[in-house]
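**Q** Here is the input, now give the coordinates:
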Amino acid sequence: EKEDVPAAAHAQFQCRVLSKAAVKMEGSRSASRWSLSTVTQVEETKQMLKMLPVLLITFVPSAMLAQINTLFVKQGTTLERRLHHFEIPPASLQGFVTISMLVSVVLYDRLFVPFMRRLTKNPRGISLLQRMGVGLVFHIVIMVIASLTERHRLRVAMENGIFESKGTTVPLSIFVLLPQFVLMGVADAFLEVAKIEFFYDQAPEGMKSLGTSYSMTSLGIGNFLSSFLLSTVSRVTRRHGQGGWIQNNLNASRLDHYYAFFAVLNCANLFVFFAVCRMYVYNAEVTHVVDGGGGEKQRPEVA
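**A** Here you go, the predicted structure:
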């Protein structure tokens, strides 16, 4: 198969300035190992820098993950948690994220990948960036559902006269929050798994551990971004409103507006992701695929 010319040209001119680090200038003295890099070191650095735009795209969905441990749990504390004689801990709903993720990964590998492989001829079914894109779409859906659920919770609180009451349980089952927890696990099966695989797979052979650290960096910065957005939105809305969107009393807050803001933020992040995907050039991998005649042939794999 012929290599795509625009993609090849893009890869050729990418980070060209770094190539000078491996060039010994004419007339210069003998270069030491501190002033002259090997071609391998330069190319590996280019590959790591090439992944930085993809890393930046993952910060917003990582901030969405932080809501599982914070606002989603805070919502659960205001709802009816009794199941017969047992009181459900709000944080226990996080277990549904893990369960749905495990089930989704199995279904993805056993059903989705074989089906898509027949359509796309890609050994992975869909590329890693496409898999991440599906996860980003799920995050938009999750935030829309979370916003609608919170609006329903506030309406029930108002109908029962506890709209301004703090500490009073809203007569609504905690399981109304279950869809956003379950869908978060499904999104992780696409986005988080693909993110780890992408950064490991696209990192050069001698820098696989650094590639893996990219995904961990994404989670860490996502938590800081979540705190920054929470404090900023709370301060700005308090300045232009009565009490702001986010208060200690969730019944007097407008968490539905905050989740809607997250949905818009994820939409904007998705459009940027599309632009990054168009510019990104995968590192070619040679894989064995079966041709129509029953034999084997080699071709570069699109990750």
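
**Q** Could you check which helix or strand contains residue 142?
**A** helix 128-159 (DSSP states H and E).

**Q** on contacts alone, who are the packing partners of that helix?
**A** helix 52-57, helix 59-69, helix 71-77, strand 170-173, helix 178-202, helix 255-279 (3 or more CB pairs under 8 Å, 6 or more residues apart in numbering; DSSP states H and E). (Each C-beta comes from the backbone N, C-alpha and C, glycine too.)

**Q** quick one: it to helix 178-202, angle?
**A** 160 degrees (axes from the mean of the first three to the mean of the last three CA atoms, to 10 degrees).

**Q** Could you number the chain from 619 rather than 1 from now on?
**A** With the count now opening at 619, the last piece we talked about shows up as helix 746-777.

**Q** Give me the buried positions along helix 746-777.
**A** For helix 746-777, burial by neighbour count (16 or more other CB atoms under 10 Å) applies to 746-754, 756-765, 767-769, 771-772, 774-775.

**Q** One more: stretch 855-872?
**A** 855, 862-865, 868-872.

**Q** can you put the residues you listed in a markdown table and add distance to residue 715, secondary structure and pLDDT?
**A** A markdown table is the format used below for the buried residues of stretch 855-872 (distance: CB to CB, whole Å; DSSP: H, G, I helix; E, B strand; the rest coil; pLDDT from 0 to 100):
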| residue | distance to residue 715 | secondary structure | pLDDT |
| --- | --- | --- | --- |
| 855 | 28 | helix | 87 |
| 862 | 28 | coil | 82 |
| 863 | 25 | coil | 89 |
| 864 | 23 | coil | 87 |
| 865 | 26 | coil | 85 |
| 868 | 21 | helix | 86 |
| 869 | 25 | helix | 86 |
| 870 | 28 | helix | 83 |
| 871 | 23 | coil | 86 |
| 872 | 25 | coil | 88 |
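
**Q** Most widely separated two among these?
**A** 855 and 869 (16.3 Å; CB to CB).

**Q** Give me the local confidence score for the most centrally placed residue in the chain.
**A** Closest to where the C-alpha atoms of the chain average out (CA atoms, centre = their mean) is residue 679, at 4.0 Å. Among the per-residue scores, residue 679 holds a pLDDT of 93.

**Q** Not counting sequence-adjacent ones, nearest residue to it?
**A** With sequence-adjacent residues excluded and distances taken as CB to CB, 6 or more residues apart in numbering, residue 679 is closest to residue 757, at 5.2 Å.

**Q** close enough to count as contact, the one you found and residue 884?
**A** Yes: contact criterion CB atoms under 8 Å: residue 757 and residue 884 qualify, at 4.9 Å.

**Q** Kindly point out which residues are neighbours of both of those two.
**A** Here residue 757 and residue 884 have 678-679, 682 as joint contacts, going by CB atoms under 8 Å, 6 or more residues apart in numbering.

**Q** circling back to that earlier point, distance to residue 710 added to the helices and strands packed on helix 746-777, as JSON lines?
**A** JSON lines is the format used below for these (distance: least, CB to CB, whole Å):
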{"stretch": "helix 670-675", "distance to residue 710": "32"}
{"stretch": "helix 677-687", "distance to residue 710": "12"}
{"stretch": "helix 689-695", "distance to residue 710": "9"}
{"stretch": "strand 788-791", "distance to residue 710": "14"}
{"stretch": "helix 796-820", "distance to residue 710": "10"}
{"stretch": "helix 873-897", "distance to residue 710": "21"}
